[in-house]
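Q: any chance you can model this:
(one chain, ligands or ions: 2)
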Amino acid sequence: MNRIPVILDGDPGHDDAIAWMLAKASPMLDIRAVTSVCGNQTIEKTTYNAMRVCTLLSVGCPIAMGKPTPLMAPPMNAPSVHGQSGLDGPKLPEPAMLLCELRSVELMAKVLRESEQPVTIIATGPQTNVAALLLAHPELKPKIGRISFMGGGIAHGNWTPAAEFNILVDPEAADVVMKSGVPITMSGLDVTEQALIYPADFERVRAVGNEVARVVADWLEFFYEFHRKLGYPGAPLHDPVAVVSLIRPDLLQSKDLCVEIETKGEYCRGATVGHDRAPANARVNLGIDRDGFADLLVEAVRAYGEARV
Ligand code: BDR
Ligand code: CA
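A: Numbering: from 1, shown residues only. Ligands and ions are numbered 1, 2, ... in the order given. This is a model prediction of the structure:
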């Protein structure tokens with residue numbers, strides 16, 4: 001099988017980490033680089049978390065530190081959701097690798113230049129690194145097959161009534177991405193809040209019995225605790241949908257739309273305005289087969305091996 005070369009760019013983060021677990025488990029994807037971005041926590045913390053997650057998952061590609069701040073806005077973190085470490089909960093292995101000497105933009109550029117096939121970028125945090133890449137190396141746009149990102153929401157936001165966290169943190173970056181002309185898939189709150197993993201599913205994951213299964217089940221419990229208090233019946237696995245979109249598009253319903261980013265609004269900064277009054281610039285995922293997604297998650301965890309008895 002011709003695997004899709006991918007770069008994982010994110011701010012792990014429980015749902016980023018689970019997205020990376022799905023990506024590594026899939027025989028369809030070939031992870032060429034991992035880059036951290038400042039979002040759920042500071043760049044130091046998300047980079048450390050990226051290295052710990054990649055150690056757990058045995059991801060062997062280079063890992064580079066991303067931009068320490070959004071393009072123009074001051075940084076904004078989410079300790080209420082992911083904890084002070086950015087990935088609170090189960091104990092993780094210490095990094096088994098060294099950080100790449102290149103920073104994120106230069107590592108991404110190198111991977112793109114050296115790849116014979118177009119590379120897909122899976123962005124699960126603020127889009128600062130991706131925008132910086134597009135601004136610094138516009139000549140490499142044809143080497144990007146697609147940007148599949150989690151962010152935004154056509155119908156509503158989560159951090160403000162109008163804006164979702166990843167877009168709100170760096171609306172200027174999202175604006176650069178949406179105007180880039182590169183093929184884009186957006187998985188926003190419209191679909192990710194339907195990607196609910198219930199407590200009964202946590203137990204199916206845990207029952208797989210391997211080390212990754214145990215950690216993922218603990219991450220799900222931690223992530224759910226925040227959402228349970230808000231009235232969610234399960235953990236909304238936002239970031240994994242950006243991976244599902246590549247490996248199991250049959251689980252998703254989507255629509256092509258023109259998505260524009262509000263960068264100036266007093267009340268609506270960071271909103272993703274979707275419409276059909278101009279040519280579409282994104283495939284927007286809007287619905288998901290939840291049960292199929294839960295089954296995919298359990299299968300993915302099983303790919304890390306059977307339990308040792
Ligand atoms: C997004 O915000 C982050 O906290 C999650 O990791 C996800 O990428 C959801 O709004
Ligand atoms: Ca994230």
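
Q: any idea which helix or strand carries residue 146?
A: strand 144-150 (DSSP states H and E).

Q: which elements pack onto that strand?
A: Other elements packing on strand 144-150 under the criterion 3 or more Cβ pairs under 8 Å, 6 or more residues apart in numbering; DSSP states H and E are strand 119-123, strand 184-187, helix 240-247. Every C-beta, even on glycine, is put in place using the N, C-alpha and C of the backbone.

Q: I'd like the ones you listed as JSON lines, with mean neighbour count, mean pLDDT and distance to residue 288 appended.
A: Below are the helices and strands packed on strand 144-150 laid out as JSON lines (neighbours: other Cβ atoms under 10 Å; pLDDT from 0 to 100; distance: least, Cβ to Cβ, whole Å):
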{"stretch": "strand 119-123", "mean neighbour count": "26", "mean pLDDT": "99", "distance to residue 288": "17"}
{"stretch": "strand 184-187", "mean neighbour count": "26", "mean pLDDT": "98", "distance to residue 288": "9"}
{"stretch": "helix 240-247", "mean neighbour count": "26", "mean pLDDT": "98", "distance to residue 288": "7"}
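
Q: what does the longest strand along the chain rub up against?
A: In the chain, assigned by DSSP state E, the strand with the most residues is strand 252-261. For strand 252-261, contacts defined as Cβ atoms under 8 Å, 6 or more residues apart in numbering pick out 152, 154, 167, 171, 174-175, 178, 184-186, 191, 241, 244-245, 270-289.

Q: give the buried residues for that strand.
A: Within strand 252-261, the residues scored as buried using 16 or more other Cβ atoms under 10 Å are 252, 254, 257-261.

Q: who in this protein is up against ligand 1?
A: Counting by Cβ under 6 Å from any ligand atom, the positions of the chain adjacent to ligand 1 are 13, 15-16, 40, 78, 81, 124-125, 150, 158, 164-166, 238-239.

Q: which phi and psi values does the most centrally placed residue in the chain adopt?
A: With distances taken as Cα atoms, centre = their mean, residue 124 lies nearest the centre of the chain, 2.1 Å away. Per-residue torsions, residue 124: phi -120, psi 20 (degrees, to the nearest 10).

Q: my guess is it contacts residue 10. True?
A: Yes. Shown here, residue 124 and residue 10 form a contact pair, counting by Cβ atoms under 8 Å, at 3.8 Å.

Q: where do the contact lists of those two overlap?
A: With Cβ under 8 Å, 6+ apart, residue 124 and residue 10 have common neighbours 16, 19, 239.

Q: what is the burial count for residue 174?
A: Close neighbours of residue 174, defined as other Cβ atoms under 10 Å, add up to 32.

Q: for residue 267, what are its contacts?
A: 160-162.

Q: which of these are buried?
A: Burial by neighbour count, judged by 16+ other Cβ under 10 Å, picks out 160, 162 from the contacts of residue 267.

Q: among the contacts of residue 267, which one sits closest to ligand 2?
A: When the contacts of residue 267 are compared for distance to ligand 2 (Cβ to the ion), residue 160 wins out at 17.2 Å.

Q: doesn't the closest one fall inside a helix?
A: No. Assigned with DSSP: H, G, I helix; E, B strand; the rest coil, residue 160 falls outside any helix and is coil.

Q: for it, which non-adjacent residue is closest in space?
A: Among residues not flanking residue 160 along the chain, residue 168 sits closest, at 6.5 Å (Cβ to Cβ, 6 or more residues apart in numbering).

Q: make sure the one you found is actually in contact with residue 77.
A: No. Contact status for residue 168 versus residue 77: not in contact, 12.0 Å apart, counting by Cβ under 8 Å.

Q: pull the number of nearby residues for whatever residue of the stretch 151-300 of the chain ends up closest to ligand 2.
A: Closest approach between the stretch 151-300 of the chain and ligand 2, counting by Cβ to the ion: residue 239, at 4.8 Å. Residue 239 has 30 neighbours, counted by other Cβ under 10 Å.

Q: tell me the phi and psi of residue 10?
A: Note on residue 10: backbone dihedrals following degrees, to the nearest 10 are phi -160, psi -180.

Q: which residues does it contact?
A: Shown in contact with residue 10 (Cβ under 8 Å, 6+ apart): 16, 19-20, 36-37, 39, 46, 50, 122-125, 239.

Q: I'd like to know how far it sits from residue 178.
A: For residue 10, the distance to residue 178 equals 19 Å [Cβ to Cβ, to the nearest Å].

Q: what is the end-to-end distance of stretch 121-128?
A: Start and end residues of stretch 121-128 are separated by 13 Å (Cα to Cα, to the nearest Å).

Q: any residue of that stretch touching ligand 2?
A: Yes. Stretch 121-128 is in contact with ligand 2 by Cβ under 5 Å from the ion, via 124-125.

Q: quick one, phi/psi of the residue nearest to residue 160?
A: Per degrees, to the nearest 10, the backbone of residue 168 is at phi -60, psi -40.
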